[in-house]
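Q: Sequence and predicted structure, then a few things I'm wondering about:
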Amino acid sequence: MLTTRPRGTNDILPGEISKWHHLEEVLRQVAGLYGFQEIRTPIFEHTELFQRGVGETTDIVEKEMYTFFDRGNRSLTLRPEATASAVRAFVEHKLYAETQPVKLYYLGPMFRYDRPQAGRYRQFHQFGVEVFGTREPGVDAEVIAMSMDIYQRLGLKNLTVELNSVGCPACRRSYRTMLQEFLEESKEKLCGICQNRFDKNPMRILDCKNENCQELTKNAPTINDALCDDCRDHFTGVQEYLNKMGVEYRLNPRLVRGLDYYTLTAFEIMAEGIGAQASIGGGGRYDGLVEQCGGPPVPGIGYAMGLERILLTMEQQGIDRATSKSVQVYIASLGEKARLVGAALAQELRGKGITVEKDYQDKSLKAQMKAANRYNASYTLIIGEEELKNEEVVLRRMQDSSQEVIPLDGIIAYLAGEIKEGDDKR
RNA sequence: GUGGCUGUGGCGAAGUGGUUAACGCACCGGAUUGUGGCUCCGGCACUCGUGGGUUCAAGUCCCAUCAGUCACCCCA
């Protein structure tokens, strides 16, 4: 226990950090391009925020929250998602008083107490955006386009955007009864899970994986049949924008998202080959949420993507950015005095922006050369007794094994010159 | 929360109940004087996840537990 990480968590080790850096860099860059500004909210919130924001009946709230009491006996919860927090901050700081829309993005860890499996962890990372203050279909389209833009820049292929409209609360209510009426007769024949869903969330029955259920719902009415004029207009508006913007998508009238707050636009981005958890991002509109969280009636839309799943997909598609530690100069020294000189040289070189690694343990020269090789050093400086006495250093070019003796007081300038030239050639 | 599979050195992986638990990679050291990448030689396991049990004898069988993994529910 002492030496194992908590279940469902991961250490990101030095060997894999570069792909995270790369991913985060792309995310921030694209967010900037689309005019989003970062918001950082606490990693825990009052439990009631999620109960209210995410929805009492959702799985997240019912069984997946990390809830604890602090010393003041307040109930707090590690955030399972960030939309509720963003909404809270939006309301708390009265951002609705600023020019609308307000476009925010966030990036960080989320927590859900769930059984880990491929692409699912108890602590995972999400990047997400929220747009408050407008319900123009063009914004919905832009948010979808932006997410695809990100995936493309990362080099991901074979992704599908699934699009649907879940309507306004009124549409959903009427559709719900419509669906229940349709299924009433065959209710007994549905699988056990779906019989459960019949009352709780009948729309979920539509995307049950059970073949029998699929067959039974084949001719079921879709949400599109139940949309009011206003919702229908909005939905066609989103599609019109997407078409114009050249974003491909697949209409999926059975797409239902799990959180209670979604209205109108719902979308999900699916990847292949990363196991059962194929959704690498998703989002939708939440026009009633701000008000429900105690703010004014401000519409909003957002999406979130799971970074672990993106990385998994990249790996699966052979987009690999693993890098090993590498260094421009390695300083090998023999003996205490030489090591001191080496340390001084290292400082000077680093001051010139050159990456340096050196020996700290008085290893044999052979061992130091091996180390230099492992670090992928372009140059190795060797300082031994001989060199110390003559105020010189041996400069060895690792690539062709050539070496020369340079006066100690000239080595910095010499190396700085060499490395700059080398950089220019690239 | 439910189910399947798995758990041997840093990693990968043999081991069909019986003396000192293979091997590969990695790591460390060496192959005449202070020099890398190839080759050769050598070194590197006090708990075979943990705790019980069966047995004269268990890494090998049984039970429990923990963890990993995949899937379900659900989601990123």
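A: Thanks, I have it.

Q: which stretches of chain A have low pLDDT?
A: Applying pLDDT under 70 to chain A flags residues A:1, A:258, A:321-324, A:421-426.

Q: how is it carved up into domains?
A: Domain ranges of chain A: A:14-168+A:228-316, A:329-421, per automatic domain parsing.

Q: Pick the most buried one from those domains.
A: Most buried of those, by mean neighbour count (mean count of other CB atoms under 10 Å): domain A:14-168+A:228-316, with a mean of 18. Backbone N, C-alpha and C define where each C-beta goes, glycine included.

Q: any residue of it up close to RNA strand B?
A: Yes - interface with RNA strand B: domain A:14-168+A:228-316 contributes A:58-60, A:81, A:112, A:114-121, A:124, A:126, A:256-259, A:268, A:275-282, A:304-306, A:308-309 (CB under 7 Å from any atom of the strand).

Q: and if you look at stretch A:384-397?
A: Yes - residues of stretch A:384-397 contacting RNA strand B under CB under 7 Å from any atom of the strand: A:Gly384, A:Glu385, A:Glu386, A:Glu387, A:Val394, A:Arg396.

Q: From one end of stretch A:270-287 to the other, what's the distance?
A: 24 Å (CA to CA, to the nearest Å).

Q: List, one by one, the residues from the stretch 301-426 of chain A near RNA strand B.
A: Residues of the stretch 301-426 of chain A lying near RNA strand B (CB under 7 Å from any atom of the strand): A:304-306, A:308-309, A:334, A:363-367, A:369-374, A:382, A:384-387, A:394, A:396, A:398-401, A:403.

Q: Which ones among the residues you listed map onto strands?
A: Counting by DSSP state E, the part of those found in strands is A:Ala304, A:Met305, A:Gly306, A:Ile382, A:Val394, A:Arg396, A:Gln403.

Q: The last one is in contact with A:Arg397, isn't it?
A: Yes - contact between A:Gln403 and A:Arg397 holds when scored by CB atoms under 8 Å: they sit 6.7 Å apart.

Q: Which parts of the stretch 251-400 of chain A are strands?
A: A:263-270, A:279-285, A:300-306, A:329-333, A:356-358, A:379-383, A:392-397 (DSSP state E, counting those that start in this stretch).

Q: what's the angle from the fourth one to strand A:392-397?
A: Interaxial angle, strand A:329-333 versus strand A:392-397 (axes from the mean of the first three to the mean of the last three CA atoms, to 10 degrees): 140 degrees.

Q: Strand A:329-333: how far from the chain's middle?
A: Its chain's C-alpha centre and that of strand A:329-333 lie 39 Å apart, by CA atoms, centre = their mean, to the nearest Å.

Q: Please name the nearest non-neighbouring residue to the spatially most central residue of chain A.
A: In chain A, the centroid-proximal residue (CA atoms, centre = their mean) is A:Leu307; its distance is 2.9 Å. Spatially, and ignoring its direct neighbours in sequence, A:Leu307 is nearest to A:His125 (4.0 Å; CB to CB, 6 or more residues apart in numbering).

Q: residues contacting that neighbour?
A: A:Leu107, A:Gly108, A:Pro109, A:Met110, A:Gly306, A:Leu307, A:Glu308 (CB atoms under 8 Å, 6 or more residues apart in numbering).

Q: Isn't the first one up against A:Glu25?
A: No - the pair A:Leu107 and A:Glu25 fails to qualify as a contact (CB under 8 Å) at a distance of 11.0 Å.

Q: Can you pull the residues that touch both of the two?
A: With CB under 8 Å, 6+ apart, A:Leu107 and A:Glu25 have no common neighbours.

Q: Now A:Asn373. Nearest residue, chain neighbours left out?
A: Spatially, and ignoring its direct neighbours in sequence, A:Asn373 is nearest to A:Met398 (6.8 Å; CB to CB, 6+ apart).

Q: In contact with that neighbour, which residues are there?
A: Contacts of A:Met398 (CB under 8 Å, 6+ apart): A:Ala372, A:Asn373, A:Ala377, A:Ser378, A:Tyr379, A:Thr380.

Q: what's the first-to-last distance across stretch A:179-195?
A: Span of stretch A:179-195 from end to end, CA to CA: 13 Å.

Q: Whether it contacts RNA strand B - can you check?
A: Yes - for stretch A:179-195 and RNA strand B, the contact criterion (CB under 7 Å from any atom of the strand) is met by A:Ile193.

Q: picking that back up, list just the nearest of the residues of stretch A:384-397 next to RNA strand B to A:Ala344.
A: Distances from A:Ala344 to those, taken as CB to CB, are shortest for A:Glu387 (13.8 Å).
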